[in-house]
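S.K.: fold the following and give me the result.
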Amino acid sequence: MSGTAAGGGTLIVGASQAGLQLAVSLRQLGDTAPITLVGEEPHPPYQRPPLSKEFLAGEADLASLDFRVPGFYEAAGIDLVRGERVTDVSLTADGRPGSGVAVTAGGRTLPFDRLALTVGSTPRRLTLPGSDLGGICVLRDRDDAAHLRSRLLAAGRVVVVGGGFIGLETAAVARALGKEVTVVEAAPRLLGRAVAPVVSDFYLRAHRRRGIRVLLSGSVTGFDGAAGQVTGVGLADGTRLPADLVLVGVGAVPRTELAERLGLECDQGIVVDAEARTSDPAVCAAGDCTVQPHPTTGVGRVRLESVQNAVAQATVAAATLLGLPAGPRAVPWFWSYQGDLKLQIAGLSTGYDEYVVRGDPDSERFSVLYYREGRLLAADSVNSPADYMAVRGALTRGATVEPGAAADTTTALKLLVTGPRTDAVLPT
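M.R.: Reported below is the predicted structural model:
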């Protein structure tokens, strides 16, 4: 497809959850200028979390994942451009900050008066002997999920490389389908970057109870194959794991190519401030592609890969593009459903110096509350939605649960919330 779009308005590069939310928020804030939302996938914007859960398990079809019905975009005045990858973008030097033109791989030119990057991230891949064999999959987008599901139905032995959220969610689905499943994690514990050791230990025991083999501190050195298809995974200690299917779930890399072309600051993501401005204040960015100030403390930079952050940051970006105040920011929250193990996280535990376990992990219903210098930072709640909601509400209000009281399971956690504390830093 080639041609030139008729002029101006806002160009949003990346038809992601953040991209769609940004477009919708512009309209909700009263913007009547043209909006172009361009994505390289042929599909309209869709939900990604169910790809490793309900869709992979066969409990949802692809059509049910679409955010909006087909007629929504035209009715909202959003020009949705699908199947076009933006390969170049430049800002004009005509005295209009933020204006410029983008060019797609198909030769289409997209002029704009305002620019937002919501380009997401791409799966980190392994470059090891045999890594190009058939049956070695990643899971990031809709096509990845459809391919993985079709391969999973025919597979008997599944190896998951990576003990993070995507890897464990996929392993849980595969095991529930009766597959022989092995998870290989390079670190000494599961979910090591996200949770405390007590939660890592819980998930290790829980998945093993369900028949999943978990190998920690395991280094993959290559893949075996026959007739172009994977047949096994080799480890550094000499172990060979038979496999009909391999999922590589070792994280994602923010897409910064376009930002770098524009000369924007990038540091493990596109650097933005609390108002979603990049180092060029006329250009905004939102979603998985960004690194931002810690949303609660404002200290240090974090990259948040979650639905909540995509929606919240895109909403802020829309206000910023229109020169409006962004308003208060919500407390970060996340979730991971690994079979019947439902983990809900409120807040960010980064930098904790103490944690309190509420309940018995062996019951598969418990919470872990994180503190720094006595201040409540976050909670991980496994099959404990009431605890999760209590902590999320407390953090939103700048309140707390005193560490000495948190372990008392005879009292509902919401009744233990006190404050707000006079020294609390409210979410911004």
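
S.K.: just the strands in the stretch 301-428 of the chain please.
M.R.: Remark: strands assigned in the stretch 301-428 of the chain by DSSP state E, counting those that start in this stretch are 301-302, 333-338, 341-347, 354-360, 365-372, 375-382, 400-401, 417-418.

S.K.: so how far is the first one off the chain centroid?
M.R.: In terms of C-alpha atoms, centre = their mean, to the nearest Å, the gap separating the centre of strand 301-302 from the centre of its chain is 14 Å.

S.K.: what's the answer for the fifth one, then?
M.R.: On the basis of C-alpha atoms, centre = their mean, strand 365-372 sits 22 Å off its chain's mean C-alpha point.

S.K.: which neighbouring elements make contact with it?
M.R.: helix 197-209, strand 354-360, strand 375-382, helix 385-397, helix 403-406 (3 or more C-beta pairs under 8 Å, 6 or more residues apart in numbering; DSSP states H and E). In short, each C-beta sits where N, CA and C put it, glycine included.

S.K.: what does the fourth one give?
M.R.: In this structure, strand 354-360 packs against strand 365-372, helix 403-406, with contacts taken as 3+ C-beta pairs under 8 Å, 6+ apart.

S.K.: again with the last one
M.R.: Contacts of strand 417-418 with other secondary structure elements, assessed using 3+ C-beta pairs under 8 Å, 6+ apart, are made with helix 385-397, strand 400-401.

S.K.: for it, what is the average pLDDT?
M.R.: For strand 417-418, mean pLDDT rounds to 96.

S.K.: give the contact list for V311.
M.R.: 17-18, 21 (C-beta atoms under 8 Å, 6 or more residues apart in numbering).

S.K.: nearest to D201, of the residues you listed?
M.R.: Top of the list for closeness to D201, among the contacts of V311 and by C-beta to C-beta, is Q17 at 32.4 Å.

S.K.: could you find the closest non-adjacent residue to the residue minimising distance to the centre of the chain?
M.R.: In the chain, the residue lying closest to the centroid (C-alpha atoms, centre = their mean) is E305, at 2.9 Å. Distances taken as C-beta to C-beta, 6 or more residues apart in numbering put D288 closest to E305, at 5.0 Å, once the chain neighbours are dropped.

S.K.: one step back: which ones among the contacts of V311 map onto helices?
M.R.: Residues from the contacts of V311 lying in helices, with DSSP state H as the criterion: 17-18, 21.

S.K.: most neighbours among those, which one?
M.R.: Using other C-beta atoms under 10 Å as the neighbour criterion, A18 leads the ones in helices among the contacts of V311 with 32 neighbours.

S.K.: coming back round to it: wait, which of the strands of the stretch 301-428 of the chain is closest to Q313?
M.R.: In terms of C-beta to C-beta, the element of the strands of the stretch 301-428 of the chain nearest to Q313 is strand 301-302, at 11.5 Å.

S.K.: that older thread, could the contacts of V311 be laid out in JSON lines, adding pLDDT and distance to I270?
M.R.: JSON lines is the format used below for the contacts of V311 (pLDDT from 0 to 100; distance: C-beta to C-beta, whole Å):
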{"residue": "Q17", "pLDDT": "97", "distance to I270": "16"}
{"residue": "A18", "pLDDT": "98", "distance to I270": "12"}
{"residue": "Q21", "pLDDT": "98", "distance to I270": "17"}
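
S.K.: let me know the closest of those residues to T296.
M.R.: Nearest member of the contacts of V311 to T296, counting by C-beta to C-beta, is A18, at 19.9 Å.

S.K.: pull up the gap between that closest one and C289, please.
M.R.: 8 Å (C-beta to C-beta, to the nearest Å).

S.K.: where along the stretch 101-250 of the chain do the strands fall?
M.R.: Remark: strands assigned in the stretch 101-250 of the chain by DSSP E, counting those that start in this stretch are 108-112, 114-117, 121-123, 136-137, 157-161, 180-184, 213-215, 220-226, 229-235, 240-242, 245-248.

S.K.: give me whichever of those is most buried.
M.R.: Most buried of the strands of the stretch 101-250 of the chain, by mean neighbour count (mean count of other C-beta atoms under 10 Å): strand 114-117, with a mean of 28.

S.K.: looking at it now, give me its mean pLDDT.
M.R.: Average pLDDT, strand 114-117: 97.

S.K.: domain map for the protein?
M.R.: 3-122+253-321, 125-250, 340-418 (automatic domain parsing).

S.K.: quick one: which helix or strand includes the residue nearest to E305?
M.R.: For D288, there is no host helix or strand (DSSP states H and E).

S.K.: wait, it sits on G251?
M.R.: No. Checked against C-beta atoms under 8 Å, the pair D288 and G251 is beyond contact range at 11.3 Å.

S.K.: more neighbours, those two?
M.R.: Neighbours were counted for D288 and for G251 using other C-beta under 10 Å; D288 has more, 26 against 14.

S.K.: from R48, how far out is the more buried one?
M.R.: Separation of D288 from R48 (C-beta to C-beta): 10 Å.

S.K.: any idea how many residues pack against L415?
M.R.: Residues within reach of L415, counting by other C-beta under 10 Å, total 11.

S.K.: same question, G156
M.R.: Using other C-beta under 10 Å, G156 is surrounded by 11 other residues.

S.K.: low-confidence regions, the stretch 1-150 of the chain specifically.
M.R.: Along the stretch 1-150 of the chain, segments meeting pLDDT under 70 span 1-7, 93-95.

S.K.: returning to what we had before: in CSV, list the strands of the stretch 101-250 of the chain along with distance to A102.
M.R.: Output for the strands of the stretch 101-250 of the chain, formatted as CSV (distance: least, C-beta to C-beta, whole Å):
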stretch, distance to A102
strand 108-112, 4
strand 114-117, 8
strand 121-123, 19
strand 136-137, 31
strand 157-161, 36
strand 180-184, 41
strand 213-215, 45
strand 220-226, 38
strand 229-235, 38
strand 240-242, 45
strand 245-248, 31
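
S.K.: now the end-to-end length of stretch 367-381.
M.R.: End-to-end distance for stretch 367-381, by C-alpha to C-alpha, to the nearest Å: 4 Å.
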